[in-house]
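Enquirer: coords below, sequence missing:
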Ligand SMILES: O=P(O)(O)OC[C@@H](O)[C@@H](O)c1c[nH]c2ccccc12
């Protein structure tokens, strides 16, 4: 007897690697449910966002973090938890877990909440946003992922409101840090008042171009998080103008110190670049500055810092040393230098 026909497979559905897989599945489920809810409500704010495109995309994030004075800009990332998977991969698990926020008590939203390590309760997250802004950060990012980070879209809206400033003197731009798989997430970020949204290349891959275009059409800057040379090349190919080159490999949760700096090579100057992921010392940030990054994304190190202002001043106070890049441009590559390797950062 002949084999039964193979089950139909939707080949247009990209399956991301490792830890990103379940996150993407969950985001797809959430947005599909939301889409269903919104189907009969054409006047819902999110449907209106998607129906009426923004008159322009102002580019506030790019302007805020490309300082032009040779100094690094800091983006302060707000989150209540750090995902357990990241600490596991870094060998930091030591039973300090608290159960994460994110009770999905309507029972519809898939797997139970994961656990994570509590960084900060952020009881009044607007005040925390203002505190970071007062300490000298140029922009803020708010994680939109209750299950993994304990912060959601309402936290984003609260931060936007708290730091808004006036039209003459607007406050720092706020980035929605999400794993975007669907235009509705971008519409929600826009509705909450975000200036920009992160799109994780490894999660979005075949849809990266259309999601980036959606961001632009809704008046948001898209920041593409890329974790490999291939993803960087792909992002640039589909028109990304801002890249977050993180040291965290989201598919494994592993920290790869220096990975972002290595990925920065070959990225044209006109692209806005952000480094980060597990940065702890000012030296981590300075290395990124010298490699040509415009900004660093700092989360835990700011949220658990007792001398916040001094720390931000230290990171932003030093002018970048371009000589290293000059020598690299002339063909000198210090990557094999054993001294440089010995000094490699450890968390
Ligand atoms: O300094 P930390 O705690 O490692 O966090 C910074 C940042 O990498 C983290 O908040 C993050 C992880 N993924 C992101 C995506 C977008 C923006 C920010 C992030």
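Expert: Good, I have the coordinates. The shown structure was predicted, so the numbers you read here are calculated from the model rather than taken from an experiment. Numbering: from 1, shown residues only.

Enquirer: who in the stretch 51-200 of the chain is up against the ligand?
Expert: Taking Cβ under 6 Å from any ligand atom as the contact definition, the stretch 51-200 of the chain meets the ligand at 77, 79, 141, 177, 198. Backbone N, C-alpha and C define where each C-beta goes, glycine included.

Enquirer: kindly recompute the last result at 8 Å.
Expert: 75, 77, 79, 82, 86, 119, 141, 143, 149, 175, 177-179, 198, 200 (Cβ under 8 Å from any ligand atom).

Enquirer: quick check: the farthest pair among those?
Expert: Comparing every pair within these by Cβ to Cβ identifies 119 and 200 as the most remote, at 20.5 Å.

Enquirer: quick one, which of these two is more surrounded?
Expert: When neighbours are counted by other Cβ atoms under 10 Å, residue 119 and residue 200 differ, and residue 200 comes out ahead with 26 against 18.

Enquirer: let me see the contact set for the more buried one.
Expert: Residue 200 makes contacts with 20, 179, 180, 224, 225, 250, as judged by Cβ atoms under 8 Å, 6 or more residues apart in numbering.

Enquirer: which ones among those map onto strands?
Expert: 224, 225 (DSSP state E).

Enquirer: which of the contacts of residue 200 has the most neighbours?
Expert: residue 180 leads the contacts of residue 200 on contacts (other Cβ under 10 Å) with 29 neighbours.

Enquirer: for that one, which non-adjacent residue is spatially closest?
Expert: residue 199 (4.7 Å; Cβ to Cβ, 6 or more residues apart in numbering).

Enquirer: secondary structure class for the one you found?
Expert: Three-state call for residue 199 (DSSP: H, G, I helix; E, B strand; the rest coil): strand.

Enquirer: and if you look at the one 5 residues further on?
Expert: At residue 204 the chain is in helix, as set by three-state DSSP.

Enquirer: and the furthest pair within the contacts of residue 200?
Expert: Checking the contacts of residue 200 with Cβ to Cβ, the most distant pair is 20 and 224, at 14.4 Å.

Enquirer: measure residue 71 to residue 316 for me?
Expert: 5 Å (Cβ to Cβ, to the nearest Å).

Enquirer: with residue 176 instead?
Expert: Counting by Cβ to Cβ, the gap from residue 176 to residue 316 is 24 Å.

Enquirer: same deal with residue 298?
Expert: For residue 298 relative to residue 316 (Cβ to Cβ), the value is 11 Å.

Enquirer: of these two, who's got more company?
Expert: residue 298 (27 against 22).

Enquirer: is that one in a bridge, and if so with what?
Expert: Here residue 298 sits in beta bridges with residue 76, going by DSSP bridges.

Enquirer: thinking it is in contact with residue 280, fair?
Expert: No: counting by Cβ atoms under 8 Å, residue 298 stays clear of residue 280, with 9.2 Å between them.

Enquirer: nice, that's everything, thank you.
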